[in-house]
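Student: Return a 3D structure for these sequence lines:
(4 chains)
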There are 2 protein chains.
Amino acid sequence: MPVELSATQALTLWHTVSLDQVRIETGDLTLRQMAILLHIYLVPPPHTVRGLAATLGVTKPVITRALDTMGERGLVERVRDARDRRNVVIKRTVTGALYLEKLGDLIIDRGRRLSL
Amino acid sequence: MPVELSATQALTLWHTVSLDQVRIETGDLTLRQMAILLHIYLVPPPHTVRGLAATLGVTKPVITRALDTMGERGLVERVRDARDRRNVVIKRTVTGALYLEKLGDLIIDRGRRLSL
DNA sequence: GAAAACGAGAACGCTTCCGTAACGATTTTC
DNA sequence: GAAAATCGTTACGGAAGCGTTCTCGTTTTC
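Tutor: So this is what the prediction gives:
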């Protein structure tokens, strides 16, 4: 079932959610970090550094650094691949799932409040 | 008319739009810059540095710098207030309106493609 | 099994953003 | 009209992100 939005609704939704994200101030994630996090949790595994770099269209160190930062906050976890020990598999965590659950609730709430 | 989203829909929408934003790579805006830009264009004027700082919950230099960056790209414009010459009024531009129009189209398109 | 290919991370120099603290210009207060 | 308050900006030191290049361990190739 598609979601039909008017131009004003689309931008207002983005506006209110962005504003909340800035204000919440738990050290907001970069746009890239957010994209990586969402990708890990919404697309079926496995996820590797190389794969994410290709998906986002950025270089590998960008992914490594983003995983460093998000790893410190417990949002993701890294595990060496047992079958090919060159690879690192990125794993989801409870903390990360909770973080995105809150974001989802926020978007839903802001969508519900849209009028016009 | 409110917009009803499921948890998966909400996050998938955020995911796809963020991914596009990262990939489009016209020098992506910071989360804060995006919030400022949307605020200027969606909330009735006038907008001042002090007001924006209070709204976003950040310090004034953050707003000044964001306006510098976005001003260079023609997304906003600064004009001294004639009545109180201490104030600077932030003005919208055609370039900025076009930029947000494209973003709106993107969100609408991604919303339309949502299934489940 | 030696050499080439591959994947992730570290090192480097650079750019950009951050908050605090100060500064000039302007307006308000008394 | 002198002093205090207000507004935006600049200056500064520090933190974090960027892409390029390289290093190191691992796997594949021949």
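
Student: Enumerate the residues of chain A near DNA strand D.
Tutor: Within chain A, the positions lying close to DNA strand D (C-beta under 7 Å from any atom of the strand) are A:30, A:32-33, A:58-62, A:65-66, A:69, A:83-86. C-beta here means a position set from N, CA and C on the backbone, and glycine is covered the same way.

Student: The helix or strand that contains A:Val22 vs chain B: in contact?
Tutor: Under the criterion of DSSP states H and E, A:Val22 resides in helix A:7-24. Yes. Interface with chain B: helix A:7-24 contributes A:7-15, A:17-19, A:21-23 (C-beta under 8 Å from any C-beta of the partner chain).

Student: Tell me the buried residues within those residues.
Tutor: Neighbour counting by 16 or more other C-beta atoms under 10 Å in any protein chain shown classes A:Gln9, A:Ala10, A:Leu11, A:Thr12, A:Leu13, A:Trp14, A:His15, A:Val17, A:Ser18, A:Leu19, A:Gln21, A:Val22 among the residues of helix A:7-24 next to chain B as buried.

Student: okay if I get the residues you listed as JSON lines plus pLDDT?
Tutor: Listed next are these as JSON lines, based on pLDDT from 0 to 100:
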{"residue": "A:Gln9", "pLDDT": "94"}
{"residue": "A:Ala10", "pLDDT": "95"}
{"residue": "A:Leu11", "pLDDT": "96"}
{"residue": "A:Thr12", "pLDDT": "96"}
{"residue": "A:Leu13", "pLDDT": "96"}
{"residue": "A:Trp14", "pLDDT": "95"}
{"residue": "A:His15", "pLDDT": "96"}
{"residue": "A:Val17", "pLDDT": "95"}
{"residue": "A:Ser18", "pLDDT": "94"}
{"residue": "A:Leu19", "pLDDT": "94"}
{"residue": "A:Gln21", "pLDDT": "92"}
{"residue": "A:Val22", "pLDDT": "92"}
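
Student: between those, which is nearest B:Ile40?
Tutor: A:His15 (10.1 Å; C-beta to C-beta).

Student: what angle separates the helix holding A:Val22 from helix B:7-24?
Tutor: Here the directions of helix A:7-24 and helix B:7-24 differ by 90 degrees (axes from the mean of the first three to the mean of the last three C-alpha atoms, to 10 degrees).

Student: and the nearest residue to A:Lys60 once chain neighbours are set aside, what helix or strand is that in?
Tutor: Nearest residue to A:Lys60, sequence neighbours excluded (C-beta to C-beta, 6 or more residues apart in numbering or on different chains): A:Ala53, at 4.8 Å. Assessed by DSSP H and E, A:Ala53 sits inside helix A:49-56.

Student: What residues sit buried inside the helix or strand that comes right after that helix?
Tutor: Using DSSP H and E, the helix or strand that follows helix A:49-56 in sequence is helix A:60-72. Within helix A:60-72, the residues scored as buried using 16+ other C-beta under 10 Å are A:Val62, A:Ile63, A:Ala66, A:Leu67, A:Met70.
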